[in-house]
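> what's the 3D shape of this:
(one chain, ligands or ions: 1)
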Amino acid sequence: MADVLLIEDDATIRTALTRGLRERGHAVTSSPNALDGLRLAVQDRPDLIVLDLGLPDLDGTEMLRMLRAVSRIPVIVATARDGDAEMVPVLDAGADDYVVKPFTSAQLDARIRAVLRRTGESRPDETVAVGGLRIDPRGRTATLDDAVIELTPREFDLLHYLATRPGEVVTKRELLTEVWQVPYGGADKTVDVHLSWLRRKLGETADRPRYLHTVRGVGVKLVEPS
Ligand code: CA
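Okay, the predicted model is just below:
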């Protein structure tokens, strides 16, 4: 059903959940620590991550912040404590849901399906419309006010990625990971250059933006022009 990455240091829990989720049709990979988990998340792009908060190398909340800087993969946090003091920072850091230990594979499976239903609302192959922009990922065509925009494949992917997240600031790091598929390294300059080409094709400039707004020091967002 889904590619799940399980990040859990307790070998007994890890084995039991891996088996339980596989029995329910999921493909499961796992990591016993945060840093390998982060690497797997970026390399393998699972559909969803189950993240234990108490890990040996990094605090789970810290790892979640690092992940959120580069990826929107849905995350369900597994925690032993569910008080506000524990959970508010985790949800603020970008967790999509949480389960409280001890929990069964059946409960986790139900949460996974619920989160994927919720986060999967915008199907990746659906035409995206923002203002006068229409982007059809199946036909790989983009139009602005009904006129076709001629885009290179990379420009198309970049525009499509930004348009699926209207109004949201996307970091250059995330763009390098998700659009260029460069999990580490890569140059911000590459993103800047493609953004400037894209701007020109949209008939706008960085100084007088309509759709593409640079957020200095953070990234870029695509908005519906007012
Ligand atoms: Ca643990």
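
> secondary structure class for the residue nearest to D3 when sequence neighbours are not counted?
In space, and not counting its chain neighbours, D3 is closest to P46: 4.4 Å by CB to CB, 6 or more residues apart in numbering. All C-beta spots, glycine's among them, are computed from the backbone N, C-alpha and C. Using DSSP: H, G, I helix; E, B strand; the rest coil, the structure places P46 in coil.

> list the contacts for P46?
Counting by CB atoms under 8 Å, 6 or more residues apart in numbering, P46 touches 2-5, 29, 40, 73.

> and for M87?
Shown in contact with M87 (CB under 8 Å, 6+ apart): 79, 98.

> just the element for it, please.
Taking DSSP states H and E as the definition, M87 sits inside helix 84-92.

> check L40 too.
With DSSP H and E as the criterion, L40 is inside helix 34-44.

> counting by contacts, list what that helix packs against.
Here helix 34-44 touches strand 3-7, strand 27-31, strand 48-52, helix 60-70, going by 3 or more CB pairs under 8 Å, 6 or more residues apart in numbering; DSSP states H and E.

> give me the buried positions along the lowest-mean-pLDDT helix or strand in the chain.
Using mean pLDDT, DSSP states H and E, the weakest-scoring helix or strand in the chain turns out to be helix 84-92, at a mean of 82. For helix 84-92, burial by neighbour count (16 or more other CB atoms under 10 Å) applies to 86-87, 90.

> just the angle for it relative to helix 60-70, thanks.
20 degrees (axes from the mean of the first three to the mean of the last three CA atoms, to 10 degrees).
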